[in-house]
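J.: Give the three-dimensional model of this entry:
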Amino acid sequence: MQIIELSETATESDIMAKVQNGAYLIPMCIEGEMLSSEALADKIKSVGNRGISKLTFFIVGSEGIQQGVKDKADLK
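T.: Modelled structure (predicted):
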């Protein structure tokens, strides 16, 4: 698992350069799907069952995540 804490000045290319190749991308943003702890655990289990072993969570401040990064996300 990889957690990337984003600065509000990070560009999309700065952010994506930190992501491990083949990772399942999960942005933690206000407009995303709201999941309970159990639902998130089920989602992570499902991803693992598909053979994906790398998860990347994006955490950002109040400015939000750049649209290009959200567009690349696997969980929206």
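J.: What's the local residue count around the closest residue to Leu35 other than its chain neighbours?
T.: Nearest residue to Leu35, sequence neighbours excluded (CB to CB, 6 or more residues apart in numbering): Lys43, at 6.7 Å. Just so you know, the C-beta spots here come from the backbone N, C-alpha and C atoms, and that holds for glycine as well. By the criterion of other CB atoms under 10 Å, Lys43 has 17 neighbours.
J.: in what helix or strand does Lys43 lie?
T.: Assigned by DSSP states H and E, Lys43 belongs to helix 37-49.
J.: got a list of contacts for that helix?
T.: 24, 35, 55, 74-75 (CB atoms under 8 Å, 6 or more residues apart in numbering).
J.: pLDDT wise, what is the residue most central in space within the chain at?
T.: The centroid of the chain falls nearest to Ile26 when counting by CA atoms, centre = their mean (2.1 Å). The model reports Ile26 with a pLDDT of 90.
J.: tilt between the helix or strand containing it and helix 37-49?
T.: Using DSSP H and E, Ile26 maps to strand 24-28. Counting by axes from the mean of the first three to the mean of the last three CA atoms, to 10 degrees, strand 24-28 lies at 160 degrees to helix 37-49.
J.: rewinding a little: tell me the one among the contacts of helix 37-49 nearest to Gly64.
T.: Leu75 (16.0 Å; CB to CB).
J.: Correct me if wrong: that closest one contacts Met28.
T.: No - in this structure, Leu75 is not within contact of Met28 by CB atoms under 8 Å, at 9.7 Å.
J.: which of these two has more neighbours?
T.: Leu75 (17 against 13).
J.: can you pull the pLDDT of Glu31?
T.: Here, the pLDDT recorded for Glu31 equals 80.
J.: now the one 5 residues further on
T.: Ser36 is assigned a predicted lDDT (pLDDT) of 94.
J.: Next one: it from Lys43, what distance?
T.: According to CB to CB, to the nearest Å, Ser36 stands 10 Å off from Lys43.
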